[in-house]
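A.B. asks: sequence plus predicted model, see below.
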Amino acid sequence: MSAASLVGYSSSGSEDEAEAATTTSPGAGGRPGGPRPSERFPVPESVLNMFPGLEEGPQDDSAKHGGRVRSFPHERGNWATHVYIPYAAREEFLDLLDVLLRRAQACVPRLVGMEGFHLSLSHSVVLRHHWILPFVQALKDRLAAFQRFFFTANRVKIYTNQEKTRTFVGLEVTSGHAQLLDLVSEVDRVMEEFDLTTFYQDPSFHISLAWCVGDARVQLEGQCLRELQEIVDEFEDAEVPLRVLTEQVRCKSGNKFFSMPLK
């Protein structure tokens, strides 16, 4: 993983897919007096339009979600899946975020604050629907023995996703790194069991604070980044919200959430 690299994940809007019913044509022998094939009434167009082509998936419209582009195309039955540590923001954290965001927007006006906060333990990967519960159970088995622990995230850093289509302002972890690596090691084992992509070899664990479309590293790094770090260092209440107790690991697959509490 490069110094400014983050895989952006996008939740899939997949719903449970019902199996399509198959229609069969009647045999050559119809009932006496029935219409011959050439005389059968045509099926009304209104009925034909009730069953659109099954091969057509939903069309992605980036305008509906802030210009974001999927890291992988949507396919029926595929569920975008992500493993992470949730962070419930306190008032002090939101106060700090407000100050940071105003300064960062002076450099890149299109930046917007994140609506929720987390620390990633995996890439966003694709699971078929019938593998979701076995995948979650494997995670629970692997993480069952883990103890709760604290980590601190107080170093401002700029990231992009792999495609360089989104830029993030994040707080990088400065303590608790070893415990996070242990968690990733177990998550990676589950990924390998399901033939999925494992996490970065040398991950930069962080909590994303704000994002924008496009590669904005040039505008945010350098003087702007130094000023953002000064805000964090001088913020009087920063020590409390930036020291995080890890109490659970969570898995999001499509619109489903699964929690794995730590001991």
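C.D. replies: Looks like it came in fine.
A.B. asks: mind listing what's buried in stretch 251-262?
C.D. replies: For stretch 251-262, the neighbour count (16 or more other C-beta atoms under 10 Å) marks 251-254, 258, 260, 262 as buried. For glycine as for every other residue, the C-beta is placed from the backbone atoms N, C-alpha and C.
A.B. asks: residue 79 contacts residue 130, doesn't it?
C.D. replies: No - Residue 79 lies out of contact with residue 130 (C-beta atoms under 8 Å); the separation is 10.1 Å.
A.B. asks: which SS class is the nearest residue to residue 90 once chain neighbours are set aside?
C.D. replies: Leaving out its chain neighbours, the residue that sits closest to residue 90 by C-beta to C-beta, 6 or more residues apart in numbering is residue 241, at 5.0 Å. Three-state call for residue 241 (DSSP: H, G, I helix; E, B strand; the rest coil): coil.
A.B. asks: returning to what we had before: out of the buried residues of stretch 251-262, which are inside strands?
C.D. replies: With DSSP state E as the criterion, strands contain 251-253, 258, 260 from among the buried residues of stretch 251-262.
A.B. asks: out of those, who's nearest residue 136?
C.D. replies: Distance to residue 136 across those (C-beta to C-beta) is lowest for residue 258, with 4.6 Å.
A.B. asks: contacts only, for the closest one.
C.D. replies: Shown in contact with residue 258 (C-beta atoms under 8 Å, 6 or more residues apart in numbering): 136, 139, 250-252.
A.B. asks: mind putting the residues you listed in CSV, pLDDT included?
C.D. replies: Shown next, in CSV, are those (pLDDT from 0 to 100):
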residue, pLDDT
136, 98
139, 98
250, 98
251, 98
252, 98
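A.B. asks: dump these into CSV; add distance to residue 201 as well.
C.D. replies: Formatted as CSV, those follow (distance: C-beta to C-beta, whole Å):
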residue, distance to residue 201
136, 25
139, 20
250, 23
251, 22
252, 24
